[in-house]
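Novice: Let me see the structure of the following:
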Amino acid sequence: MVKIQEFQQIINELIESQDFKKSPSELYEPICYVMSQEGKRLRPLLTLLACDLFDGDIQKALYPAMAIEVFHNFTLVHDDIMDNAPLRRGKETVYKKWNSNIAILAGDTMFAMAYQYAVKTDPELISEILGVFSQAAIEVCEGQQLDMNFENIEQVTIDDYLNMIRLKTAVLLGASLKIGAIAAKADIQSVKDIYEFGIHLGIAFQLKDDLLDAFGNEQKFGKKSGGDIVANKKTYLYLKARELANQQQADELSLLYKSQPEDPAEKIFKVKEIFNLYGIEGYVLNVMEEYYEKSLGFLDAVNADKGKKDALRTFAAQLYHRVH
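Specialist: Numbering: from 1, shown residues only. Purely as a prediction, here's the structure:
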């Protein structure tokens, strides 16, 4: 825990030391706004933890970790436009506070900034780190496109959904760990294992997010409750409910997910009523457990100090058991 707190402080201090206040202010103020918010910052933390796990010099991983955090925030700025999301981390989203055009440009700038940070490392590492970073960036975009596609496709399977969240969410967690391991010059098999640890943990993490979106405390979660339902997102909750429901309720659920009422409160209530009827929360918890246990299996396989692996295991447990 001491190491986690130390690395969190290093990351926070690095972000706070960056000068995002440039001209034109209309472009850079939204970037300041986003980067000054107290998000989880778990991806750069995972990068530093992975580097330290293999006894690497975290200075070589520090700016690549910053690149991952800036890139992650860029995806959120653009995702919020696509999802019409009014809140992020309990605050107005960029496109709501300014407008969509400014949000698009700010996000584009952040994407470019991320690459500037990624190359601030040992020159010998740049090529490999950029390869991992670029592949993750492409896959995140693939996942986002699939997520949007699913809104207009009736026959989406649970396997389709799990692949989508692997791309949209889990890949960046895996890449965060992989880049930290590369910076520490870890052995090839351990790099693969730590990446798979991140992938499986990331899927469990996103399933938890889906659960919190429907059933979490809005003040603690920092997003509007039922946002996925309002946006007609075919999450694991929806797909499992469709699988278990009788024909009448399956049809009702389908119709609800095609509706766009001015006041979505009743829609959210009715959807959650069906979720509760079939005990969907329990099914989500079971599949989360499955991916979480698999992630720990890959962590166990990593060739590294047991005490340092235990620190990552503790951090993974905190993510898994979080309530917001």
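Novice: Relative to residue 109, how far out is residue 212?
Specialist: Using Cβ to Cβ, to the nearest Å, residue 212 is found at 30 Å from residue 109. To be clear about C-beta, it is placed using only N, CA and C from the backbone, and glycine gets the same treatment.
Novice: in this protein, which spans are strands?
Specialist: Using DSSP state E, the strands of the chain run over 87-88, 91-92.
Novice: By mean pLDDT, show me the worst of these.
Specialist: Mean pLDDT is lowest for strand 87-88 among the strands of the chain, at a mean of 86.
Novice: in its sheet, what does it sit against?
Specialist: Here strand 87-88 is paired, per DSSP bridges, with strand 91-92 (antiparallel).
Novice: residues touching residue 250, list them.
Specialist: Residues in contact with residue 250, defined by Cβ atoms under 8 Å, 6 or more residues apart in numbering, are residue 242.
Novice: Give me the pLDDT value at it.
Specialist: Residue 250 is assigned a predicted lDDT (pLDDT) of 93.
Novice: Let the chain start at 50 from now.
Specialist: All set: I'll call the first residue 50, so the last point we hit is now residue 299.
Novice: May I see the strands of the chain arranged in a markdown table, with distance to residue 308 and mean neighbour count as well?
Specialist: Output for those, formatted as a markdown table (distance: least, Cβ to Cβ, whole Å; neighbours: other Cβ atoms under 10 Å):
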| stretch | distance to residue 308 | mean neighbour count |
| --- | --- | --- |
| strand 136-137 | 22 | 19 |
| strand 140-141 | 26 | 14 |
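Novice: Can you pull out the low-pLDDT segments for this structure?
Specialist: For the chain, the stretches with pLDDT under 70 are 50-51, 266-273, 372-373.
Novice: Please repeat the previous calculation with a cut-off of 50.
Specialist: Applying pLDDT under 50 to the chain flags the ranges 270.
Novice: ok, now how distant is the residue nearest to residue 259 when sequence neighbours are not counted from residue 261?
Specialist: Leaving aside its sequence neighbours, residue 259 sits nearest to residue 284 (Cβ to Cβ, 6 or more residues apart in numbering; 4.4 Å). Plainly put, residue 284 is 11 Å away from residue 261 if you go by Cβ to Cβ.
Novice: Likewise for residue 319?
Specialist: 20 Å.
Novice: Who has more neighbours out of those two?
Specialist: residue 261 (19 against 16; other Cβ atoms under 10 Å).
Novice: do you know how far the more buried one is from residue 370?
Specialist: 12 Å.
Novice: What of residue 341?
Specialist: Relative to residue 370, and taking Cβ to Cβ, residue 341 is found at 10 Å.
Novice: Neighbour count for those two, which is higher?
Specialist: More crowded of residue 341 and residue 370, by other Cβ under 10 Å: residue 341, with 22 against 9.
Novice: ok, the more buried one - contacts?
Specialist: 249-250, 253, 365, 369 are the contacts of residue 341 under Cβ under 8 Å, 6+ apart.
Novice: now do residue 365
Specialist: Neighbouring residues of residue 365 by Cβ under 8 Å, 6+ apart: 246, 250, 341, 344-345, 348.
Novice: now the helices for the stretch 250-373 of the chain?
Specialist: Applying DSSP state H, counting those that start in this stretch to the stretch 250-373 of the chain gives helices spanning 267-270, 276-279, 285-293, 296-305, 314-326, 329-350, 355-369.
Novice: For residue 183, find the nearest of those helices.
Specialist: Across the helices of the stretch 250-373 of the chain, residue 183 has its closest neighbour in helix 329-350 (23.3 Å, Cβ to Cβ).
Novice: Please point out which parts of that closest one sit buried.
Specialist: Of all the residues in helix 329-350, those buried under the rule 16 or more other Cβ atoms under 10 Å are 329, 332-333, 336-337, 340-341, 343-345, 347-348.
Novice: Nearest to residue 107, out of the residues you listed: which one, please.
Specialist: Residue 107 lies nearest to residue 348 out of the buried residues of helix 329-350, by Cβ to Cβ, at 19.2 Å.
Novice: ok, and the closest non-adjacent residue to that closest one?
Specialist: For residue 348, the spatially nearest residue (Cβ to Cβ, 6+ apart) is residue 246, at 4.6 Å.
Novice: Brilliant, that's me finished.
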